[in-house]
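Peer 1: sequence and computational prediction follow.
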Protein chains: 2
Amino acid sequence: MLSLEAIADTALRLLDEHGLEAMTMRRLAEGLGCSQSSLYRHVRSRDELTIIVADQAIRLGMRPPPPGLDWRSEAEWLARAFRAFLLDHPSVALLLRGTERLGPNSLQGVEVSVDRFIGAGLSPRHAAAAAGALATLIIGSVQFNLYLDATDPGEQQARRALYERLDPHTHPRMVQHATDIAGVGSDEEFEFGLRMLLDGIAVAVRSATDPLER
Amino acid sequence: MLSLEAIADTALRLLDEHGLEAMTMRRLAEGLGCSQSSLYRHVRSRDELTIIVADQAIRLGMRPPPPGLDWRSEAEWLARAFRAFLLDHPSVALLLRGTERLGPNSLQGVEVSVDRFIGAGLSPRHAAAAAGALATLIIGSVQFNLYLDATDPGEQQARRALYERLDPHTHPRMVQHATDIAGVGSDEEFEFGLRMLLDGIAVAVRSATDPLER
DNA sequence: ACCTGAACACCGTTCAAGT
DNA sequence: ACCTGAACACCGTTCAAGT
C-alpha cells in the first residue's frame, strides 16, 4: 500500500544509490511495485516530490547538538553535522534550492537557528538573516564542490598543473600561488567561511549586547 | 556557420527568455537553424554545454570595479554587481554548480578575488578560502531565493500567515516573530551575510597585518 | 570530410478504460 | 472509488546513410 512516506523513502534510496538522474517517476514506480500513474495520486508533480524529499532529507540531517554549548559552538556543531550529512548524501544537496524552505522540517530548522541567534542577543530580523546566511554557506559549500574532491591528490595535482600553465600576465596570483590555491579543499574553505561568518556575527552580538551601545 | 560562441549565445538567450527547461538540444538546434547532431560537433554533451554557458555567464557578470576602493569596498562592489547580474538572469544561477570552476572566466574571477585578499594582507591559502566563501554566499543567496520574492507583499504576507499558524509549542520563535522573520527578504539576508563575512575577514586581516601578532 | 534524418532509449504527465 | 495501460509530447545521444 502506497504512502507519501514510502515514496519519499524510495526516492531518497534511489538518490543515494544511483544519483539524481535515477530519481524518475518510472524507477520510483518500479521500486514501489506500482504504476507511474499511481504516484500522481500522492504527489502533484515531480517538482513537488523533490520538495518533499528535500524536506525529508533536512529532517534526517538535523541532529540535536549536545547540551550546554554556547551559541557559537552550537552553531558550529549544527553546521558541521548538517554538512557531514550532505557529504554523505551528495545528491540530496542538488535538491536544495530554497523551494523546500516552507516544508515542516525546514521550518523546524529555521526555528532552532533563529532561537539560538536571538538567545545570543540578535534582533529577530538579524537572527533570521544570520540563519539564512549560515544555511546558504553550508548548502552552497557542498553544492559548489560536489564534483571536486580536493582531498584526492590526483585532482589537487591536476588543478595545480592547470593554474601553473595559465598566462602569468593575466593570472599572476594563480601562477605564483598555484600550489597553495590548489591545496585549499572544500573543507578548508567551509571552515574558513564558517569562522569568518561567526566572527562577524560575534561582532554584531557584542554590539547588540554591549551596554555602551544601547 | 556554427560556432561554440553562437551556441553559447543562443543557449543564454533561451535561458533568459524561457528558463532552464527550454535549454534543450532540440530548441538550440532550431534557434541556430541546424540539426541536433551538428551540435555534438562542437560540444561533447549537454553537461559540457552547461559548463560552457555558465563560464560565459560569469564573464558577462564580472564588471571591473571603480578604481581607488579599499579591499573591503571593492569586495562589496564586486559581490553586489555579480549578484545583480544573477538576479537579472535567474536561470543562470541554476547552472552554477562548481563544475564551471575551471573555465577561463571563472579562473579570471578567482584571480581577481585572490589578488585583492592577498593585497589586503591574507595568506594565499586564506585568500583562496575567502574568495570561495564569498562566491558561495553570492551564488547561494540567489539560488536559494530564486522562487521567493520577498519584496512581493503578497508572498511576504503568505509567509507571515504560515508562520503564525505554526504550533507555538514547537515553533515559539516563528509564531512570536512571524512578521519580522517573514519580512527578511533575500536582499537583507545577503547584505547581512556579506557584512558578517567581511567583518570576519577584517578580523583576519587585522590579525595578519598587526605587527604585534607577527 | 562534413552533415543530418531517423532511430533508440529514455523522460513527465494524462486519461480513457478497466475493475 | 480506485487503479493503470497505453499514449502523448517531449528529452539526450548515436550512427548509418547521404552529399
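Peer 2: Now that the structure is in, tell me what you want to look at. Residues are numbered from 1 along each chain as shown, chains lettered A, B, ... in the order given.

Peer 1: what does chain A have sitting close to DNA strand D?
Peer 2: Taking Cβ under 7 Å from any atom of the strand as the measure of proximity, chain A contacts DNA strand D at A:Leu2, A:Cys34, A:Ser35, A:Gln36, A:Ser37, A:Ser38, A:Arg41. Yep, even glycine has a C-beta here, placed from its N, CA and C like the rest.

Peer 1: hmm, B:Asp115 and A:Thr170 touching each other?
Peer 2: No - between A:Thr170 and B:Asp115 there is no contact under Cβ atoms under 8 Å: 11.2 Å.

Peer 1: looking at these two, which is more packed in?
Peer 2: Taking neighbours as other Cβ atoms under 10 Å in any protein chain shown, A:Thr170 and B:Asp115 compare with B:Asp115 leading, 19 against 12.

Peer 1: I'd say that one and A:Arg173 touch.
Peer 2: Yes - between B:Asp115 and A:Arg173 there is a contact under Cβ under 8 Å: 4.7 Å.

Peer 1: residues contacting the most centrally placed residue in chain A?
Peer 2: Residue closest to the average C-alpha location in chain A (Cα atoms, centre = their mean): A:Ile139, at 2.2 Å. Applying Cβ atoms under 8 Å, 6 or more residues apart in numbering or on different chains, we find A:Ile139 in contact with A:Leu86, A:Ala93, A:Leu96, B:Gly140, B:Phe144.

Peer 1: excluding chain neighbours, give the residue nearest to the first one in space.
Peer 2: Which is A:Leu86. Counting by Cβ to Cβ, 6 or more residues apart in numbering or on different chains, A:Leu86 lies nearest to A:Val142, which is 4.3 Å off, once chain neighbours are set aside.

Peer 1: next secondary structure after whichever helix or strand the residue nearest to the centre of chain A is part of?
Peer 2: Using DSSP states H and E, A:Ile139 falls within helix A:124-143. Note on helix A:124-143: by DSSP H and E, the next helix or strand toward the C-terminus is helix A:153-164.

Peer 1: what's the domain layout of chain A?
Peer 2: What automatic domain parsing lists as the domains of chain A is A:4-149+A:185-213, A:153-182.

Peer 1: could you identify the longest helix within chain A?
Peer 2: helix A:186-209 (DSSP state H).

Peer 1: next, the angle from it to helix A:124-143.
Peer 2: If you take axes from the mean of the first three to the mean of the last three Cα atoms, to 10 degrees, helix A:186-209 sits at 170 degrees to helix A:124-143.

Peer 1: quick one: buried residues of helix A:186-209?
Peer 2: A:186, A:188-205 (16 or more other Cβ atoms under 10 Å in any protein chain shown).

Peer 1: is that helix anywhere near chain B?
Peer 2: Yes - using Cβ under 8 Å from any Cβ of the partner chain, helix A:186-209 reaches chain B at A:186, A:188-190, A:192-193, A:195-201, A:203-204.

Peer 1: only the C-alpha atoms, please, for that helix, written as PDB.
Peer 2: Once non-C-alpha atoms are left out, helix A:186-209 reads as follows in PDB (Å, rounded to 0.1, in the frame of the first residue of the first chain):
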ATOM      1  CA  SER A 186      36.200  22.400   0.300                       C
ATOM      2  CA  ASP A 187      36.700  21.500   4.000                       C
ATOM      3  CA  GLU A 188      39.200  24.300   4.500                       C
ATOM      4  CA  GLU A 189      37.100  26.700   2.500                       C
ATOM      5  CA  PHE A 190      34.000  25.800   4.500                       C
ATOM      6  CA  GLU A 191      35.800  26.000   7.900                       C
ATOM      7  CA  PHE A 192      37.300  29.400   7.000                       C
ATOM      8  CA  GLY A 193      34.000  30.700   5.800                       C
ATOM      9  CA  LEU A 194      32.200  29.500   8.900                       C
ATOM     10  CA  ARG A 195      34.800  31.100  11.100                       C
ATOM     11  CA  MET A 196      34.600  34.400   9.200                       C
ATOM     12  CA  LEU A 197      30.800  34.400   9.300                       C
ATOM     13  CA  LEU A 198      30.600  33.600  13.000                       C
ATOM     14  CA  ASP A 199      33.400  36.100  13.800                       C
ATOM     15  CA  GLY A 200      31.200  38.700  12.000                       C
ATOM     16  CA  ILE A 201      28.100  37.600  13.900                       C
ATOM     17  CA  ALA A 202      30.100  37.800  17.100                       C
ATOM     18  CA  VAL A 203      30.800  41.400  16.400                       C
ATOM     19  CA  ALA A 204      27.100  42.000  15.900                       C
ATOM     20  CA  VAL A 205      26.300  40.100  19.100                       C
ATOM     21  CA  ARG A 206      28.700  42.200  21.000                       C
ATOM     22  CA  SER A 207      27.400  45.500  19.700                       C
ATOM     23  CA  ALA A 208      23.900  44.400  20.400                       C
ATOM     24  CA  THR A 209      24.500  43.300  23.900                       C
END
